[in-house]
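> fold the following and give me the result.
(one chain, ligands or ions: 2)
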Amino acid sequence: METQAAPNILIVDDEKNMRFLLREALAKEGYVIDTAENGEDAVSLVKARPFDCVLLDLRMPRMDGIATLEELNRITPETPVIIMTAFGSKETAMNAISLGAYDYFTKPFDIDEMRIVVKRALEKQKLEEEIRKLRGCLEIRGAFKGIIGQSREMVEVFDLVSKVVKNDVTVIIYGESGTGKELIANVIHEQGPRRDSPMVKINCAAIPETLLESELFGFEKGSFTGALQRKIGKFEYANHGTLFLDEIGDMSLVTQAKLLRVLEERKIERIGGNESIDVDIRIIAATNQDLSKAVHEKSFREDLYFRLNVVPIFLPPLRARKGDIPLLIDYFIDENNTKLSREICGVSRNAMRLLLAYDWPGNVRELENVIQRAVLLSSQDIIGEDCLPTSVTDSAPQTPRVGGPPTAFDGSLQEIVENIAASAERQIIIDALERTNWSRTKTAELLKICRKSLHNKMKKHGLFDEQKTPDGFDAD
Ligand SMILES: Nc1ncnc2c1ncn2[C@@H]1O[C@H](COP(=O)(O)OP(=O)(O)OP(=O)(O)O)[C@@H](O)[C@H]1O
Ligand SMILES: [Mg+2]
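Ligands and ions are numbered 1, 2, ... in the order given. Below is the predicted model:
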């Protein structure tokens, strides 16, 4: 139902004059009005399209108001029904309310009172609609249990994923190693209509080219030396389910051509066989490569790229969403406390500073490993910097603080001043980002600059790595 459009109201009354009067009064409020002169007509109108509110006369010939009310409640329980009763029949009105009517007014009615009752019903209806929408969002969020992220970048990913789970579109997930591509692929399968059929995964990079084809298509007994018995391929195993083609960018051009044929014809033939087998599968692909570049360089077929790139999902690298780091740390500490029977309750301030400053080339997987190691090593209930690997501790920025001495006289006074100013600016931005948990909006506010200018300065100071951010990752 369009919440922005003018509310539409159905008036149900057997008296023509009454319908006319009510229509006049309510149309003035900007509502869109429909009328019905009996219960049956009202029911068929409501079945045809939703109304935001129904005004229902209780005393009508044939199907009376109460029977109509019950029917309306059954068809659209969310539509408030206001009943109209003759003066002095309060008891009937109460009875109707106990049967689910929203409110009532008595006839002859006071126009202002009637308008207020209708307005209130519409407000309630709108509020409930919003609650229903929110509840829907929460259910979708519940589907992402175990995928941590509150950054704008991750919320955008969750929104996109929740749009594609319910239908069967081909999805390709781009992201650096360890960003959670497989985790997202799992959610898409598990929340989608094919969840009761298998999800078959194949890592195109890990299987030698000569074997990839037989893995995918299977083979018939005797089709080549060593084919001692028939083997069913992944396509067949995945029938009615999902085939996850991981590291698709590493597939050879020969296999790409064969995959394209399957995607076009939705049929396969086992190697050495001539029976054509129908396959009904959903494809989810993943890669840490820039496929459009691979197409440009002719190492990936353009036609296959278009077949796969129906809904691309870009997973941002961890360094582009550092605000998620503290959440992920908590999550991994909890997980490892259970796994390793420890009771670690957090990380020290200094350790957090180092963890936030680090670049995370291995993304979430690397963070997961670092935290697991730290939980294991820590002799206290707080993880200190001594439990972090040197890769993390040694990479902390060594820039001089504001007011610190210049490290070398290696230029003119102006150049030295500019260098110090640049270092100081970088450090101030890092401090502000850390203070705000890497929220760009809050950092820009804190530093009293606009977001665009913060973005440019972060770029200038290498505070997020744009080169490694594939196209479409909006790191800001
Ligand atoms: N947002 C997240 N919340 C919680 N755990 C995550 C998240 N993202 C990734 N992980 C964890 O990090 C590890 C790596 O994730 P995953 O295997 O899905 O990454 P990937 O992108 O497929 O990596 P690769 O390209 O190396 O195969 C997994 O253990 C996964 O559970
Ligand atoms: Mg993976």
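> what's around Val155, how many residues?
12 (other CB atoms under 10 Å). From N, CA and C alone the C-beta is placed, and that goes for glycine too.
> can you tell me how far it is from ligand 2?
Counting by CB to the ion, to the nearest Å, the gap from Val155 to ligand 2 is 22 Å.
> cool, Ser98 as well?
Distance from Ser98 to ligand 2, counting by CB to the ion: 58 Å.
> host element of Met60?
Taking DSSP states H and E as the definition, one finds Met60 inside no helix or strand.
> for the nearest residue in space to it that is not next to it in sequence, give its distance to Ser44.
In space, and not counting its chain neighbours, Met60 is closest to Asp14: 4.6 Å by CB to CB, 6 or more residues apart in numbering. Going from Asp14 to Ser44 by CB to CB, to the nearest Å gives 16 Å.
> who has more neighbours, those two?
Asp14 (16 against 10).
> Ala422 belongs to a helix?
Yes - assigned with DSSP: H, G, I helix; E, B strand; the rest coil, Ala422 falls within a helix.
> which helix or strand contains the closest residue to ligand 2 within the chain?
Relative to ligand 2, the nearest point of the chain is Glu182 (4.0 Å; CB to the ion). Using DSSP H and E, Glu182 sits within helix 181-191.
> hmm, that helix touching ligand 1?
Yes - against ligand 1, helix 181-191 shows contacts by CB under 6 Å from any ligand atom at Lys181, Glu182, Leu183.
> which residues does that helix contact?
Contact partners of helix 181-191, identified using CB atoms under 8 Å, 6 or more residues apart in numbering, comprise 143-144, 146-147, 157, 161, 164-166, 171, 173-175, 195, 199, 201, 241-242, 244, 246, 282, 284, 286, 288, 313, 315.
> how about 7 Å then?
If you take CB atoms under 7 Å, 6 or more residues apart in numbering as the criterion, helix 181-191 is touched by 143-144, 147, 161, 164-165, 171, 173, 175, 195, 199, 242, 244, 246, 284, 286, 313, 315.
> next one: stretch 436-451
Contacts of stretch 436-451 with the rest of the structure, by CB under 7 Å, 6+ apart, involve Lys322, Gly323, Pro326, Ala432, Leu433, Arg435, Leu454, Asp476.
> repeat for stretch 108-117
By CB under 7 Å, 6+ apart, stretch 108-117 touches Ala25, Glu29, Ile82, Asp103, Phe105.
> roughly how far apart are the last one and ligand 1?
Relative to ligand 1, Phe105 is positioned 54 Å away (criterion: CB to the nearest ligand atom, to the nearest Å).
> and if you look at the first one?
Separation of Ala25 from ligand 1 (CB to the nearest ligand atom): 55 Å.
> so is stretch 356-376 next to ligand 1?
Yes - for stretch 356-376 and ligand 1, the contact criterion (CB under 6 Å from any ligand atom) is met by Val364, Arg365, Glu368.
> of these, closest to Glu415?
Using CB to CB, Val364 comes nearest to Glu415 of these, at 40.4 Å.
> against which helices or strands is whatever helix or strand that closest one lives in packed?
Assigned by DSSP H and E, Val364 falls within helix 363-377. Here helix 363-377 touches helix 325-340, going by 3 or more CB pairs under 7 Å, 6 or more residues apart in numbering; DSSP states H and E.
> give me the angle between the helix it packs on and helix 363-377.
50 degrees (axes from the mean of the first three to the mean of the last three CA atoms, to 10 degrees).
> 38 is where my numbering starts, stick with that
Will do, 38 is the new start, and the previous item becomes helix 362-377.
> CA atoms only: put helix 362-377 into CSV for me.
What follows is helix 362-377 as a C-alpha-only set of coordinates in CSV (Å, rounded to 0.1, in the frame of the first residue of the first chain):
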residue,chain,number,x,y,z
ILE,A,362,36.6,-3.4,13.9
PRO,A,363,35.6,-3.0,17.6
LEU,A,364,32.4,-5.0,16.9
LEU,A,365,34.2,-7.7,15.2
ILE,A,366,36.8,-7.9,18.0
ASP,A,367,34.0,-8.3,20.6
TYR,A,368,32.4,-11.0,18.4
PHE,A,369,35.6,-13.0,17.9
ILE,A,370,36.5,-12.7,21.6
ASP,A,371,33.1,-14.2,22.5
GLU,A,372,33.5,-16.9,20.0
ASN,A,373,37.0,-17.8,21.2
ASN,A,374,36.1,-17.6,24.8
THR,A,375,33.6,-20.4,24.2
LYS,A,376,35.9,-22.4,22.0
LEU,A,377,39.0,-22.0,24.1
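> for that helix, buried residues please.
Ile362, Pro363, Leu365, Ile366, Tyr368, Phe369, Ile370, Asn373 (16 or more other CB atoms under 10 Å).
> picking that back up, count of neighbours near the residue of the chain closest to ligand 2?
16.
> which residues of the stretch 138-287 of the chain fall in strands?
Per DSSP state E, counting those that start in this stretch, the stretch 138-287 of the chain carries strands over the ranges 140-144, 208-211, 236-240, 255-256, 268-269, 279-283.
> and the stretch 338-487 of the chain, by the same measure?
Remark: strands assigned in the stretch 338-487 of the chain by DSSP E, counting those that start in this stretch are 348-351, 383-384, 419-420.
> Lys497: which of those strands is closest?
Taking the strands of the stretch 338-487 of the chain one by one with CB to CB, strand 348-351 is closest: 23.6 Å.
> helices or strands next to the closest one in the packing?
If you count contacts as 3+ CB pairs under 7 Å, 6+ apart, strand 348-351 packs onto helix 189-201, strand 208-211.
> between these, which gets the lowest average pLDDT?
In terms of average pLDDT, helix 189-201 trails the rest of those, at a mean of 88.
> what's the angle from that helix to helix 362-377?
70 degrees.
> show the average pLDDT along stretch 474-488.
89.
> endpoints of that stretch, how far apart?
In stretch 474-488, first residue to last residue: 15 Å (CA to CA, to the nearest Å).
> chain center to it, what's the gap?
25 Å (CA atoms, centre = their mean, to the nearest Å).
> quick check: buried residues in stretch 92-100?
Across stretch 92-100, burial judged by 16+ other CB under 10 Å covers Leu92, Leu93, Asp94, Leu95, Arg96, Met97, Met100.
> same question, stretch 345-357
So for stretch 345-357, counting by 16+ other CB under 10 Å, buried means Leu345, Asn346, Val348, Pro349, Ile350, Phe351, Leu352, Pro353, Pro354, Leu355, Arg356, Ala357.
> correct me, but the last one touches Ser188?
No - taking contact to mean CB atoms under 7 Å, the distance of 8.4 Å between Ala357 and Ser188 leaves them out of contact.
> look up the closest residue to Leu290, ignoring the ones flanking it.
Nearest to Leu290 is Arg338, by CB to CB, 6+ apart, at 6.7 Å.
> residues from the stretch 238-387 of the chain in reach of ligand 1?
Asn325.
> what residue in the stretch 238-387 of the chain comes nearest to ligand 1?
Residue nearest to ligand 1 within the stretch 238-387 of the chain: Asn325 (4.9 Å; CB to the nearest ligand atom).
> and if you look at the chain?
Closest point on the chain to ligand 1, by CB to the nearest ligand atom, is Gly217, at 2.7 Å.
> show me the contacts for Gln409.
By CB under 7 Å, 6+ apart, the residues touching Gln409 are Phe369, Asn373.
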